[in-house]
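In: What shape does this take:
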Amino acid sequence: MGFSAFIIFISSLCVNLLQLINYLTIRFINIDIYRQINGYLQYIIYSQVVAVAEWWSHSTITFYFGDQQTLDQFGREHAFVVANHRYEVDAVFLWMIAAKTGTLGGCKAFGKRELRFVPIIGWSFMFGEYIFLARNWQRDSLNIGHGLDRLMAHQRPIMLMIAAEGTRFTEQKYRTSMKFAADKGLDVHYRHHLLPRVKGFAYSVKHLKQNYPNCAIYNLQLAFDETREVISISNLIKGIPMNGSVYLKRIPIADVPTDSDQQTADYLYKLYQEKDDAMDYYFQHKQFPGQKQLHKPSLIPLIVLWTNFVVFGLSLAYILFTVFTSGSVGTIIIASLLIITVFVGIYFAIRSARIAKASTYGTIEGKPHNNKKSDLKKNYLSKHLVNGNNDNILNNNHKEGKNQLG
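Out: Residues are numbered from 1 along each chain as shown. This is a model prediction of the structure:
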């Protein structure tokens, strides 16, 4: 698997180069053509991961559609997807879901600005017009609106994903999250989710509702049988199968109240209660309710993967053979260092996806805060994260500093 990972890494860097060329040329001539080309290039990168999951580890995804409208519309319209964030393989399985519905090249998300400088995935995000956040609400409140406008202008369906919990679920974060909710007097009692962060969701929904009333929200719930499988990136790389189940329910954006932030907050809390109940149902019955569809592994991602193996694998083998038989000690040392650098990069990329490396949100329970920055952040969260006061968040966004956007 090591050599395969090396080939995927190198081929993805080459796709990044093609994305850069497309960005510097076609984008200035015709933005629609630029977006279509970039969608194909993004598909090449993501589909290799999908192929590894489906054909190497033999992982599967089973769909459960909440109603016929969801089945008919998902993947055929712009979608604002509210997903749970429980597993370190969430991104892989979300890409598998997108591949089944023809939107893998149109996957979008919110991300930290720092991701723009991360090779492959971060660069692909940047060229794909993902919405990057500076963790400063004065900037982000403007950037989100412009970002949504760009994405809604895409001619092909896009799937904009938001994890309103803001970070991956862990037991420690869960305890801190529920304590925070209780301290604020919120009537929420989740069992499988963290308290969702309202601010970014409220702003996005209000903007979409006002400007794109035909856009739809999709409630997406991903689950695994945790009594039978260990859900991890390392197991996927080892070829151990994981069998995911996903529940989908379409929600017309007109159904979301946006007259006040408190109304939107109450709606989001209620939605996460429904997501919590769905997880209870799944853990009890080992399936979600709704219309069931089991999809076979996708063939196109496998073709893309093998094409890259043949093209880049043979090219790389020839280059390495030439280098190591050249007799030049300096050239051999440089080539060896480059190979080691690539494998180190792959190692840290995998390590960063592990659950132990998730956000530190909620992991400082009981520890003293000895610096002003931590105290300022804590005060801001207490005041604004959960809409536990009478201030209108959206009207005050020009006065606020740091945010915690989901």
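In: which residues of this protein score low on pLDDT?
Out: 1-3, 342-343, 345-406 (pLDDT under 70).
In: again, 80 this time
Out: Applying pLDDT under 80 to the chain flags the ranges 1-6, 135, 313, 316-321, 323-324, 326-327, 329-332, 335-406.
In: Around the residue nearest to residue 134 when sequence neighbours are not counted, how many other residues sit close by?
Out: Leaving out its chain neighbours, the residue that sits closest to residue 134 by CB to CB, 6 or more residues apart in numbering is residue 113, at 5.2 Å. C-beta coordinates here come from the backbone N, C-alpha and C atoms, glycine included. Residue 113: 15 surrounding residues under other CB atoms under 10 Å.
In: Please apply the same query to residue 217.
Out: 23.
In: which residues touch it?
Out: 79-82, 205, 250-253, 256 (CB atoms under 8 Å, 6 or more residues apart in numbering).
In: Which members of those are positioned in helices?
Out: By the criterion of DSSP state H, membership of the contacts of residue 217 in helices covers residue 205.
In: Dump the contacts of residue 217 into TSV; add neighbour count and distance to residue 59 as well.
Out: Formatted as TSV, the contacts of residue 217 follow (neighbours: other CB atoms under 10 Å; distance: CB to CB, whole Å):
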residue	neighbour count	distance to residue 59
79	25	23
80	25	26
81	23	20
82	25	23
205	22	32
250	20	26
251	17	28
252	13	32
253	18	32
256	20	33
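In: helix, strand or coil for the residue of the chain most remote from its centre?
Out: Distance from the C-alpha centroid of the chain, by CA atoms, centre = their mean, peaks at residue 327 (46.3 Å). Classification of residue 327 by DSSP: H, G, I helix; E, B strand; the rest coil places it in coil.
In: Please tell me how far it sits from residue 282.
Out: According to CB to CB, to the nearest Å, residue 327 and residue 282 sit 61 Å apart.
In: Please apply the same query to residue 47.
Out: For residue 47, the distance to residue 282 (CB to CB) stands at 28 Å.
In: got it, and residue 313?
Out: As for residue 313, its distance to residue 282 is 40 Å (criterion: CB to CB).
In: show me what contacts the residue nearest to residue 242 when sequence neighbours are not counted?
Out: Distances taken as CB to CB, 6+ apart place residue 59 nearest to residue 242, at 4.5 Å, with adjacent residues excluded. The contact partners of residue 59, by CB under 8 Å, 6+ apart, come to 53, 93, 96, 236, 241-244.
In: and those, which are buried?
Out: 53, 93, 96, 236, 242, 244 (16 or more other CB atoms under 10 Å).
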